[in-house]
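Peer 1: just the structure for this:
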Amino acid sequence: MPPRAALAWWGATACWFLGSLLGGRRTPAEAAVPLPVAILAYVVGAGLFALLGYGVHRGVKGTRVASAIVGGLGIVVLVRQLAEDLATGAVVHGAFFLAALLLAATAVVLLLRRR
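Peer 2: Numbering: from 1, shown residues only. Below is the predicted model:
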């Protein structure tokens, strides 16, 4: 992974983590989970995404394809979440997720372009 793609991937991960953490727990399912457990789940998720980006950066076989698939699915999830945020008026959550969407799209484009 080119250095710029890795930075974009890690930036998207950080924005997702902060948006998830600071955006509040709006659904009953999210509110049912204790805050320390939710933070641990966000840390594990962000760590896995960052680890995948590190694997691609190091040239580990198969992580480039996995990163493209996870990045594409992540973009779809971010678009859906951003649409929900626009509908409900969740400004903080939406701002972080918009930044994560832009950075993830940049990372996928940089990842898939020819060198």
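Peer 1: look at Tyr101 and report its pLDDT.
Peer 2: I think there's a mix-up here, since residue 101 is Leu and not Tyr. You'll see Leu101 listed with a pLDDT of 90.
Peer 1: same thing with Arg114?
Peer 2: For Arg114, the predicted pLDDT is 64.
Peer 1: now swap in Leu98 and tell me
Peer 2: So Leu98 comes in at 91 (pLDDT).
Peer 1: what strand or helix carries it?
Peer 2: Assessed by DSSP states H and E, Leu98 sits inside helix 91-112.
Peer 1: and Ala95, what does it touch?
Peer 2: Gly19 (CB atoms under 8 Å, 6 or more residues apart in numbering). Every residue, glycine included, has its C-beta placed from N, CA and C.
Peer 1: now do the same for it: its pLDDT.
Peer 2: Note on Ala95: pLDDT of 89.
Peer 1: related to what we said a few turns ago, for the helix holding Leu98, list every residue counted as buried.
Peer 2: 93-108, 110-111 (16 or more other CB atoms under 10 Å).
Peer 1: distance from it to the middle of the chain?
Peer 2: From the chain centre to the centre of helix 91-112 is a distance of 7 Å (CA atoms, centre = their mean, to the nearest Å).
Peer 1: same question for stretch 69-89.
Peer 2: Averaging C-alpha positions (CA atoms, centre = their mean) puts stretch 69-89 10 Å from its chain's average.
Peer 1: that'll do, ta.
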